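K.L.:
quick one: sequence and predicted model below, then my questions.
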Amino acid sequence: MVKISGEEKKKYKIQPPPANIIFEYGKDDIAKYMEENGFAVMGKRKRAEEEKVESRWQGELDFYIREKACHKFLRHCYEMALHGKEAMGFLIGDVRQWNGIYSVVHDAVTASLDASPVYVRFSKEAYEEIFDKLDEIDYEYVIVGWYHSHLGYTSFMSSIDIETQRKYFNQPFHAAIVVDPIEKQMKSFRLINNECIEIPYAIFR
């Protein structure tokens, strides 16, 4: 993983949240959205081998995803699922302020993975690939979180995921997205006061 530090000292740009919302989790049907955009994979529901961490719901919307970025990581999860493997990558974006802090995902990057139906991690070659991709970004960015997929055992944060979040994505604006292209689920989470909280998200165009 890439250690992120120092963002909490940054003065965030004051700007209203994206207005052109095409999907809002909690109001719209994510399964329908994934089906309509071709990101659903046929398969059977499986029993989770990972320990699920219970999370409560935070109703306040402060996480926005550009549709192009959303389709990029959903396609990655979909394509890996076709080969029976989990996917993973970083969420690239910005942190802004407007009646509080909110984060925006503009892009997603990934690299070579060691993956199976029940686990995923970056390979030894991945970090150089990731740094090369980050160097190509021509705007000032922040790594605002990460995504990974589950294959048929629903979207949740496991105890291993929580440790990853605590170690590498522990700023208040960091989020984790968990996609299950078989169960047609996509959920997002944050650590707030060291507690795993499920948060709503909006996709904008």
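P.N.:
Perfect, I can see it now.

K.L.:
okay, and Glu128 sits in which element?
P.N.:
Here Glu128, judged by DSSP states H and E, is contained in helix 126-135.

K.L.:
show the average pLDDT along the longest helix seen in the chain.
P.N.:
Identified as the longest helix of the chain according to DSSP state H is helix 67-82. If you average the pLDDT over helix 67-82, you get 98.

K.L.:
so which elements touch it?
P.N.:
strand 88-97, strand 101-109, strand 142-149, strand 175-180, strand 202-204 (3 or more C-beta pairs under 8 Å, 6 or more residues apart in numbering; DSSP states H and E). Where C-beta positions appear, they are placed from N, C-alpha and C, glycine not excepted.

K.L.:
right, so of those strands, which gets closest to Ser159?
P.N.:
Ser159 lies closest to strand 175-180 among the helices and strands packed on helix 67-82, at 13.2 Å (C-beta to C-beta).

K.L.:
now do the same end-to-end measure for stretch 136-155.
P.N.:
Using C-alpha to C-alpha, to the nearest Å, the end-to-end distance of stretch 136-155 comes to 31 Å.

K.L.:
flag every buried residue along that stretch.
P.N.:
142-153, 155 (16 or more other C-beta atoms under 10 Å).

K.L.:
from those residues, which two are the most distant?
P.N.:
The widest separation within these (C-beta to C-beta) is 32.5 Å, between Val142 and Gly152.

K.L.:
kindly state the beta-bridge partners for the residue most central in space within the chain.
P.N.:
Per C-alpha atoms, centre = their mean, the C-alpha nearest to the average position across the chain is that of Ile177, at 2.8 Å. For Ile177, the beta-bridge partners are Tyr147, Ser188 (DSSP bridges).

K.L.:
just the pLDDT at it, thanks.
P.N.:
98.

K.L.:
Arg190: which of the buried residues of stretch 136-155 is nearest?
P.N.:
Among the buried residues of stretch 136-155, and counting by C-beta to C-beta, the member closest to Arg190 is Gly145, at 8.3 Å.

K.L.:
you'd agree the closest one is up against His174?
P.N.:
Yes. Using C-beta atoms under 8 Å, Gly145 makes contact with His174 at a distance of 4.9 Å.

K.L.:
now do the shared contacts for those two.
P.N.:
Counting by C-beta atoms under 8 Å, 6 or more residues apart in numbering, the common neighbours of Gly145 and His174 are Ser103.
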